[in-house]
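Chemist: Next comes the sequence, and after it the predicted model I'd like to discuss.
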Amino acid sequence: LTDNKRMHWEYDRESQCLTISGDEVPDYYRRQPELISSTYYEYTRPLPPWYEFKDKIKSIVLADGVTSIGSQAFKEMPLLESVAMPASLTSISPLVFARCPKLKGIELPEGITSIGHATFEDCTSLEQIYIPDGVEVIENGIFAGCTSLTQLHLPDSIISIENRAFYGCVNLKQLSIPNTVRKFTASAITRSGISELSVRWLNPMSVARGDRKDTDPYSRIEALDTYNLKDEDINWVSNVNLIVPEGTIKNYQSAQYWSRFSTITEDGVPPIDKKRYMLEYYEGLEPFGDVADKFYDMPCMVLPTKE
């Protein structure tokens, strides 16, 4: 069946498989509210065309050529166990697989660069997932409620970890934060099972002011986001061991938020020189004045000479 000019779908009743081909799977989200009285609004959303089969679908196959999956496209499918994704896929919108309790594992294509918030929320059977290199943001609540998640790989492309990202992941025991991360939201690990958190920064992230602009990962080198932070979020880390690079323990013991961790130990590995990393990250940007403020504390810089 053709839902629009850019997508064709077919459901096989015998195999309980949904197959989709075309360019993209569109969004299925709440649209603009309609006024039904002087003060009350009614929100409506278009239902996916396969909605009548959603309680029966066990597998989904996305054909080669599909580049994106729209919001809530496969949300709340109680029997969904597997999803086959093509190499052409580059983005997954919010809540796509939210509340699919039988989805145990999913292989994300290497070309993925964007995964929306709460994409895997309450996927209670999800056990492991590998986030491919190229994804930059671990969005709000992306794995919230994934109570069976035990293994998670975060690539070096990650620059931001957002609010409640691992909330309720009670079986996720260890987490290693890539040195590329420039924004870490303090509530990301609240109510998770994480008992060991590893970081690679020379200096701990300082607490940013409580406004979103200041904690935008694209607007500053580093920021520990405490926006709308609750006591629970601060107190939760008192049960977590913090692993830091060799020679940096005093920096973390005296830093706001980081000093609250249960124990702080060094792993014997030298820290990442963040100033050097930022120089490499912005190499080639023009004009140089646009990024000059990024290096306000860099002791020296060597610029290439023209041949």
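Modeler: Cool, got the structure. Numbers count the residues shown, from 1 in each chain.

Chemist: Give me the neighbour count for residue 150.
Modeler: Per other CB atoms under 10 Å, the neighbour tally for residue 150 reads 14. Glycine gets a C-beta too; all of them are placed from N, C-alpha and C.

Chemist: For it, what are phi and psi?
Modeler: phi -120, psi -20 (degrees, to the nearest 10).

Chemist: isn't it right next to residue 174, touching?
Modeler: No: judged on CB atoms under 8 Å, residue 150 makes no contact with residue 174 at a distance of 9.4 Å.

Chemist: where do the strands sit along the stretch 101-250 of the chain?
Modeler: For the stretch 101-250 of the chain, applying DSSP state E, counting those that start in this stretch gives strands covering 114-115, 128-130, 137-138, 151-153, 160-161, 174-176, 183-185, 196-198, 223-225, 241-244.

Chemist: could you redo those as CSV and give each row distance to residue 14 and mean pLDDT?
Modeler: What follows is the strands of the stretch 101-250 of the chain, written out as CSV (distance: least, CB to CB, whole Å; pLDDT from 0 to 100):
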stretch, distance to residue 14, mean pLDDT
strand 114-115, 32, 96
strand 128-130, 30, 95
strand 137-138, 38, 96
strand 151-153, 34, 95
strand 160-161, 43, 92
strand 174-176, 42, 95
strand 183-185, 46, 85
strand 196-198, 47, 95
strand 223-225, 49, 61
strand 241-244, 51, 95
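
Chemist: For this structure, give me the ranges with low pLDDT.
Modeler: Under the criterion pLDDT under 70, the flagged ranges of the chain are 1-5, 29-45, 206-229, 269-307.

Chemist: which residue is nearest the centroid of it?
Modeler: residue 138 (1.5 Å; CA atoms, centre = their mean).

Chemist: Does that residue touch residue 160 like I think?
Modeler: Yes: counting by CB under 8 Å, residue 160 is a contact partner of residue 138 at 7.0 Å.

Chemist: Surely residue 166 touches residue 144?
Modeler: Yes: counting by CB under 8 Å, residue 144 is a contact partner of residue 166 at 7.5 Å.

Chemist: okay, those two: which has more neighbours?
Modeler: residue 166 (26 against 23).

Chemist: which ones are touching the more buried one?
Modeler: Contact analysis of residue 166 by CB atoms under 8 Å, 6 or more residues apart in numbering lists 143, 144, 172, 175, 188, 189, 192, 194.

Chemist: Taking the residues you listed together, which two end up most distant?
Modeler: Farthest apart among the contacts of residue 166 by CB to CB are 144 and 175. That separation is 14.5 Å.

Chemist: The residue nearest to residue 64 when sequence neighbours are not counted: neighbouring residues, count only.
Modeler: Using CB to CB, 6 or more residues apart in numbering and skipping the chain neighbours, the partner closest in space to residue 64 is residue 86 (4.3 Å). By the criterion of other CB under 10 Å, residue 86 has 15 neighbours.

Chemist: picking that back up, ok, the residue nearest to the centre of the chain to residue 267 distance?
Modeler: From residue 138 across to residue 267, the span is 22 Å (CB to CB, to the nearest Å).
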